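Asker: make a model of this:
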Amino acid sequence: MSVVALSGDIAEDLPAQREKAEDHFRQELVNALGAKQGPALAVSTNTIIEDAAMRSRLMPADLKRKLTDQLMANFDKLPRSEAG
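Answerer: Sure thing, here's the model as predicted:
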């Protein structure tokens, strides 16, 4: 999610606008987890966790627990490049 297209007319506070857009996309991804299964669920869950870790983003404790449980339950469904 580090590359997000922003409107060309946003000249001021570009980092804040990018962060807002990334937060929006991240929330959409979290909301879509319930409709995913198998490898799609594993990769999406891993993406959310990695993004939060790389950017030191705080997550609510219940979301963190849910994502951790989902990742553990679906770890074997991650592609080898995602699993380590």
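Asker: Arg26 contacts Ile49, doesn't it?
Answerer: No. Using Cβ atoms under 8 Å, Arg26 is not in contact with Ile49, being 11.0 Å away. C-beta: built from backbone N, CA, C; applies to glycine.
Asker: and Lys20, how far from Leu67?
Answerer: Lys20 sits 22 Å away from Leu67, going by Cβ to Cβ, to the nearest Å.
Asker: ok, these two, which is more surrounded?
Answerer: Leu67 (19 against 13; other Cβ atoms under 10 Å).
Asker: wait, what's in contact with that one?
Answerer: 45, 48-49, 59 (Cβ atoms under 8 Å, 6 or more residues apart in numbering).
Asker: let's see that with 6 Å instead.
Answerer: Applying Cβ atoms under 6 Å, 6 or more residues apart in numbering to Leu67 gives the contacts 45, 48-49.
Asker: list just the nearest of those residues to Ala16.
Answerer: Within these, the smallest distance to Ala16 is 21.2 Å, found for Ile48 (Cβ to Cβ).
Asker: buried stuff in the helix or strand harbouring that closest one?
Answerer: If you go by DSSP states H and E, Ile48 is part of helix 38-54. The neighbour-count check on helix 38-54 (16 or more other Cβ atoms under 10 Å) flags 41-46, 48-49, 51-52 as buried.
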